[in-house]
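Undergrad: Got a predicted structure plus its sequence, pasted below:
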Amino acid sequence: MRMRLRKRSLGSQETISLLKKWALLGKNQLELREVAANIEPKHEKEVNDLINSYKSLYSEWLFVLRCGFALLMYGFGSKKALIEDSATRSLTEYSVVVVNGYLQSINLKQVVITLAELLWDQLKLRKKTTSGNPSKSQQPFNPKSMDDLLAFLDKPDIGDECFVCIIAHNIDGPELRDSDSQQCLASIAACSHVHMVASIDHVNVPLLWDKKMVHTQFNWYWCHVPTFAPCKVEAMFFAFILAHGATAQSVKTASIVLQSLTPNAQNVFKVLAEHQLAHSDEEGMPINNLYTTCQERFLVSSQVTLNSHLTEFKDHELIKTKRNSDGQDCLCIPLTNEALQKLIAEII
């Protein structure tokens, strides 16, 4: 069976650093694309040789999948090309769905529907082969609940030879890091007729999973495959987030960070945000003015306390400092007024 690869928009450190700097200067998407495209790749031959050295492991990975494990690729560098090359060469007998976790919009329900449709196609083909007549029945999956879809993918009487495969690039992507998404992915991986191949990049990803998810549902087989390949594709989508500055992702990230801070820190940030909304034509709020306002509201007792909060904001890239025309250091939040209003509403 020829592999059917369906990609869904369900949604180098130096590259990202450079894109950040350009974004803060107000560059648009086209300029960011041009900067990223013109970054000269380094050690191309060595990187290609390293990636090619993993080809000898393809048969082992296929054997591991057939034994009921899910493959989890980790290590420094982009693993996208490696995984897709492995799928093209080794997973030709399976129908494959690709999920790009680095995208900003991912519909996991649609992923499960697609998996169910592909498995149904296999069943129809198998019935045609055994009986000589194609099955005329059509299974409508769109109206079905997630539980019904997962039950179909885990159906015991289908047969051991029918499988579909899901490839999840960056299973730790921004849109997949919440507990509901991870539990959904774990439930998909646990289905008896689904094989999963995934990659991770963040060192703390295992903190997203409990013991049951790791050993029973995902049932990971860890593969250390550092490629040192630049994250060209992934970085381009990261650039889109920066270019807009006020996307839902920026607000979501800032909201998560702020909710992890103390109530006083949140209120200090709120003072700065309210000033920025009320004086959008100004270059920012002078630090002295922020200190005076926060002291009047009993949010800080000294400049040292305020500086501690500001350092935390800067570390999380919630604010930036610039000098106004009078030579004063001013603080501003790199979000549009609309995004800032939404953020304030979320942290109140």
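TA: Received it, and whenever you're ready, just let me know what you need.
Undergrad: Local confidence estimate at the spatially closest residue to N100 that is not a sequence neighbour?
TA: Nearest residue to N100, sequence neighbours excluded (Cβ to Cβ, 6 or more residues apart in numbering): H169, at 5.2 Å. No exception for glycine: its C-beta is placed from N, CA and C like everyone else's. pLDDT recorded at H169 is 95.
Undergrad: these two touch, right, H169 and L103?
TA: No: applying Cβ atoms under 8 Å, one finds H169 not in contact with L103, separated by 9.3 Å.
Undergrad: Mind checking the pLDDT average for the helix or strand S53 falls within?
TA: Using DSSP states H and E, S53 sits within helix 44-53. Averaged across helix 44-53, pLDDT comes to 95.
Undergrad: Could you list the residues in contact with it?
TA: With Cβ atoms under 8 Å, 6 or more residues apart in numbering as the test, helix 44-53 has contacts from G77, A81, L82, D85, P226, T227, F228, A229.
Undergrad: rerun that using 10 Å as the cut-off
TA: The contact list for helix 44-53 (Cβ atoms under 10 Å, 6 or more residues apart in numbering) reads 41, 43, 77-79, 81-82, 85, 225-230.
Undergrad: Go ahead and measure how far that helix is from the middle of the chain.
TA: Relative to its chain's centre, helix 44-53 lies at 26 Å (Cα atoms, centre = their mean, to the nearest Å).
Undergrad: Could you point out the helix or strand that follows that helix?
TA: Counting by DSSP H and E, the next helix or strand C-terminal to helix 44-53 is helix 58-66.
Undergrad: in terms of contact count, name the helices or strands touching that next one.
TA: On a contact count with 3 or more Cβ pairs under 10 Å, 6 or more residues apart in numbering; DSSP states H and E, helix 58-66 meets strand 70-74, helix 80-90, strand 194-199, strand 220-224.
Undergrad: model confidence over the last one, on average?
TA: To tie it back to what came earlier, the one meant is strand 220-224. Strand 220-224 shows a mean pLDDT of 98.
Undergrad: Direction included, what does it pair up with?
TA: strand 70-74 (parallel) (DSSP bridges).
Undergrad: Taking helix 58-66 as reference, get the angle to the strand it pairs with.
TA: For strand 70-74 against helix 58-66, the angle by axes from the mean of the first three to the mean of the last three Cα atoms, to 10 degrees is 130 degrees.
Undergrad: hey, where'd the strands end up in the protein?
TA: Ranges of strands within the chain are 5-8, 70-74, 95-100, 164-169, 194-199, 220-224, 285-286, 320-323, 329-332, based on DSSP state E.
Undergrad: worst average pLDDT in these?
TA: Mean pLDDT is lowest for strand 5-8 among those, at a mean of 40.
Undergrad: Export the strands of the chain as a markdown table, with columns for mean neighbour count.
TA: Formatted as a markdown table, those follow (neighbours: other Cβ atoms under 10 Å):
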| stretch | mean neighbour count |
| --- | --- |
| strand 5-8 | 15 |
| strand 70-74 | 22 |
| strand 95-100 | 24 |
| strand 164-169 | 24 |
| strand 194-199 | 24 |
| strand 220-224 | 15 |
| strand 285-286 | 20 |
| strand 320-323 | 12 |
| strand 329-332 | 17 |
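Undergrad: Now render these as a markdown table, adding distance to F298.
TA: Shown next, in a markdown table, are the strands of the chain (distance: least, Cβ to Cβ, whole Å):
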| stretch | distance to F298 |
| --- | --- |
| strand 5-8 | 51 |
| strand 70-74 | 47 |
| strand 95-100 | 48 |
| strand 164-169 | 48 |
| strand 194-199 | 49 |
| strand 220-224 | 50 |
| strand 285-286 | 19 |
| strand 320-323 | 25 |
| strand 329-332 | 20 |
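Undergrad: Just tell me which of those ends up closest to I256.
TA: Closest to I256 of the strands of the chain is strand 320-323 (Cβ to Cβ; 19.0 Å).
Undergrad: Among the contacts of helix 44-53, name the buried ones.
TA: Among those, those classed as buried by 16 or more other Cβ atoms under 10 Å are G77, S78, K79, L82, V225, T227, A229, P230.
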